[in-house]
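Visitor: sequence first, then the predicted structure, then my questions.
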Amino acid sequence: MIDIKFLRENPDVVRENIKKKFQDEKLPLVDEVIKLDDERRAVQQEADDLRAKKNKISKEIGALMAQGKKEEAMAMKEEVAKSAKRLEELEARQKEVDDEVLNKMMIIPQIIDDTVPIGKDDSENVEIQKFGDPVVPDFEIPYHTDIMERLHGIDLDAARRVAGNGFYYLMGDIARLHSAVLAYARDFMIDRGFTYCIPPFMIHGNVVEGVMSFPEMDAMMYKIEGEDLYLIGTSEHSMIGRFKDQILTEDQMPQTLTSYSPCFRKEKGAHGLEERGVYRIHQFEKQEMIVVCKPEDSKMWYDKLWQNTVDLFRSLDIPVRTLECCSGDLADLKCKSCDVEAWSPRQKKYFEVGSCSNLGDAQARRLKIRIKGENGNYLAHTLNNTVVAPPRMLIAFLENNLQADGTVKIPKALQPYMGGKTVITE
């Protein structure tokens with residue numbers, strides 16, 4: 001959510017930003033907010049004037065009563081009563097206008113960074129850099145669930161009977177590999193100076209509204225019936241929510257946290273062949289990283305965050321690339337974002353395994369996360385990035401480590417987390 005003062009003073013900039021995101025249907029919101037804001041300030045001024053007048057008359061009434069001028073005092077009390085009624089009307093209208101302004105402001109997208117490429121959707125995202133040499137072996141790479149089934153590592157049929165489509169049982173060494181990747185990612189981030197955290201897996205609605213846009217909420221979040229609780233779609237939600245309504249000191253900056261959590265997502269819509277199996281599912285586990293920092297440091301942290309994911313995948317010998325998200329592919333709270341994609345030898349292309357985002361002060365404004373500075377309080381910046389998200393990451397791992405005989409080699413970095421195993425066999 002952008003600053004209303006910025007919108008008031010720079011309406012053309014806000015309109016141009018909306019156009020860059022190809023959301024022209026939101027252009028009328030700018031004029032609507034300006035009109036409401038004018039009314040709000042007029043109502044506020046009238047209310048303030050009435051309060052001042054009321055206080056002044058109250059003092060005069062006291063003086064008249066002390067002088068024994070009861071009739072004059074009673075006449076003034078009638079005037080105070082009329083003012084009180086008008087003030088009550090103004091305060092009610094002020095709340096209505098405040099709510100209208102907030103609802104509209106939460107729909108207007110964040111101002112994107114100047115470096116973001118302009119494009120309508122993810123087909124116009126821009127490749128930034130590749131890391132590692134993608135290899136296509138001289139033997140056929142089966143679909144990832146076929147690899148898992150051959151290694152007795154997955155049971156999708158049982159999961160469908162128990163929970164429906166979009167769920168899975170991981171078994172044996174594949175389940176152990178899943179846990180090993182998460183444990184390795186945890187230690188990888190701790191070694192980079194991040195504080196490990198296990199957050200709440202459910203959050204209140206006002207936290208959900210603070211960390212994500214309404215369309216994302218509707219498409220992703222599961223609500224607990226009868227309670228003001230939602231299952232998290234990613235631990236970023238509760239990790240950023242941890243700082244809600246907090247005023248942090250500058251010597252507490254930056255806050256760098258890495259968190260483990262299960263994640264729950266509706267994943268609405270039909271999905272193609274490549275999104276079957278364990279690619280797009282309702283339940284998965286993830287290691288995340290978040291940063292709360294001073295505004296001037298957020299660009300530096302953005303580059304550090306995506307580099308962490310690249311370095312982790314490269315430590316497991318998985319080729320990756322970074323893809324800059326274009327304006328039309330950015331969620332409304334993001335000012336800049338890039339995807340980390342892993343190489344798929346079977347598909348002979350890259351696919352998304354992580355997403356790094358700089359949200360500027362958008363989440364901080366909604367959640368009132370502030371920093372106490374020498375010249376007053378100011379809003380923090382928030383960032384997040386996926387460290388690793390198995391089981392999707394397992395697709396890249398299995399395809400890049402599958403050998404001709406059907407076994408899967410385990411990179412040296414993961415071997416301590418697999419009890420010293422060097423290979424997974426049937």
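Guide: Happy to help now that I have it.
Visitor: got any ranges where the stretch 1-150 of the chain has weak pLDDT?
Guide: Applying pLDDT under 70 to the stretch 1-150 of the chain picks out residues 63-64, 66, 73-74.
Visitor: where do the strands sit along it?
Guide: 126-131 (DSSP state E, counting those that start in this stretch).
Visitor: against which helices or strands is the longest helix along the chain packed?
Guide: The residue-count maximum for a helix in the chain (DSSP state H) belongs to helix 28-66. Applying 3 or more C-beta pairs under 8 Å, 6 or more residues apart in numbering; DSSP states H and E, one finds that helix 28-66 contacts helix 4-9, helix 11-20, helix 70-105. Any C-beta I mention is one placed from the backbone N, CA and C, and that applies to glycine too.
Visitor: report the contact partners of Ile18.
Guide: Asp24, Lys26, Leu27, Val30, Ile108, Pro109 (C-beta atoms under 8 Å, 6 or more residues apart in numbering).
Visitor: what values do phi and psi take at Thr195?
Guide: Here is the backbone geometry of Thr195 (degrees, to the nearest 10): phi -90, psi 130.
Visitor: quick revisit: and the helices and strands packed on helix 28-66 as JSON lines, adding distance to Glu324?
Guide: JSON lines is the format used below for the helices and strands packed on helix 28-66 (distance: least, C-beta to C-beta, whole Å):
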{"stretch": "helix 4-9", "distance to Glu324": "25"}
{"stretch": "helix 11-20", "distance to Glu324": "14"}
{"stretch": "helix 70-105", "distance to Glu324": "27"}
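Visitor: what's the most buried one of these?
Guide: Among the helices and strands packed on helix 28-66, helix 11-20 has the highest mean neighbour count (mean count of other C-beta atoms under 10 Å), at a mean of 16.
Visitor: separation between Met105 and Lys5?
Guide: For Met105, the distance to Lys5 (C-beta to C-beta, to the nearest Å) stands at 11 Å.
Visitor: no no, Glu216
Guide: 26 Å.
Visitor: ditto for Val116
Guide: From Val116 to Lys5 the distance is 23 Å (C-beta to C-beta).
Visitor: what does Phe139 give?
Guide: From Phe139 across to Lys5, the span is 62 Å (C-beta to C-beta).
Visitor: report the secondary structure state of Trp343.
Guide: strand (DSSP: H, G, I helix; E, B strand; the rest coil).
Visitor: just Ile190 next, same as before
Guide: helix.
Visitor: verify the stated contact: it with Ser259.
Guide: No. Between Ile190 and Ser259 there is no contact under C-beta atoms under 8 Å: 11.5 Å.
Visitor: now the common contact residues for those two.
Guide: Joint contacts of Ile190 and Ser259 (C-beta under 8 Å, 6+ apart) are Tyr196.
Visitor: more neighbours: which of the two?
Guide: For Ile190 versus Ser259, neighbours defined as other C-beta atoms under 10 Å are more numerous around Ser259 (25 against 12).
Visitor: what pairs with that one across the strands?
Guide: Here Ser259 sits in beta bridges with Cys197, Glu288, as judged by DSSP bridges.
Visitor: hmm, back to that, which of the helices and strands packed on helix 28-66 sits closest to Gln252?
Guide: With C-beta to C-beta as the measure, helix 4-9 is the member of these nearest Gln252 (26.3 Å).
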